[in-house]
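*Asks:* Attaching a predicted model along with its sequence, questions to come.
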Amino acid sequence: MKRPSPAIDELAPFCPPIILDEIHAVVGNKRGVHLITAIERLVTICGEFQRIGLSATIRPLEKVAEFLGGFSMKGVPPTPAYLPRSVTTIRTCRQKSYSLRILTTPLPANTESVSPDEIWEDLVGTCKSIIMHNRSTLLSNVIR
């Protein structure tokens, strides 16, 4: 097989696990075929490595796991055997609880007398305080 680049030989021993987030978006389309083909090419360069597919909406889970696992070649050409790789699926059934708060930062009554830097300092301070007191925080800025 032709190597894509001589530099790949230096990276081959360090091939980390491949994490495919939102795997459902590529299963069953050309992008998925291209992705899995590229991953299989990496196997010929790096050797076997762990593949991790993530999705909260994937159905059927077992079929997608088979797709992600692919096949390994046993034997040698011209009569190799292609066997499905062993895969493990993890399904969480735990319901998440969410705490949603919508906060706004009030502007001073007379914004002409306040510099934009002062407004941003207050806003950044408020955001920092919220972030430091939570495990995860989603901030959104709505501008039209």
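*Replies:* Everything's here; your move.

*Asks:* C-alpha from now on. contacts and neighbour counts both.
*Replies:* OK.

*Asks:* Nearest the geometric middle of the protein, what residue?
*Replies:* For the chain, the residue sitting closest to the mean C-alpha position, by C-alpha atoms, centre = their mean, is Asp21 at 3.1 Å.

*Asks:* Might you report the residue contacts of that residue?
*Replies:* Asp21 makes contact with 53-55, according to C-alpha atoms under 8 Å, 6 or more residues apart in numbering.

*Asks:* Of the residues you listed - the most surrounded one?
*Replies:* Gly53 (16 neighbours; other C-alpha atoms under 10 Å).

*Asks:* And for the closest residue to that residue other than its chain neighbours, the neighbour number?
*Replies:* Nearest residue to Gly53 in three dimensions, chain neighbours excluded: Leu20, at 4.7 Å (C-alpha to C-alpha, 6 or more residues apart in numbering). Residues near Leu20, counting by other C-alpha under 10 Å, number 15.

*Asks:* Thr137 is in contact with Ser129, isn't it?
*Replies:* No. Thr137 is beyond contact range of Ser129, at 10.9 Å (criterion: C-alpha atoms under 8 Å).

*Asks:* returning to that earlier point: quick one: which of the contacts of Asp21 is nearest Val43?
*Replies:* For the contacts of Asp21, the closest approach to Val43 (C-alpha to C-alpha) belongs to Gly53, at 16.5 Å.

*Asks:* Which strands border whichever helix or strand the closest one is part of, and is each parallel or antiparallel?
*Replies:* Using DSSP states H and E, Gly53 sits within strand 51-54. Sheet pairing for strand 51-54, assigned by DSSP bridges, gives strand 18-21 (parallel).

*Asks:* So what's the gap between the next helix or strand after the partner strand and the chain middle?
*Replies:* The helix or strand immediately downstream of strand 18-21 is helix 30-46, counting by DSSP H and E. With C-alpha atoms, centre = their mean, to the nearest Å as the basis, helix 30-46 stands 17 Å off its chain's centre.

*Asks:* please begin residue numbering at 19 from this point
*Replies:* That works, and once the first residue is 19, the last one we named lands at helix 48-64.

*Asks:* Counting neighbours, show which residues of helix 48-64 come out buried.
*Replies:* 50, 54, 57-60, 63-64 (16 or more other C-alpha atoms under 10 Å).
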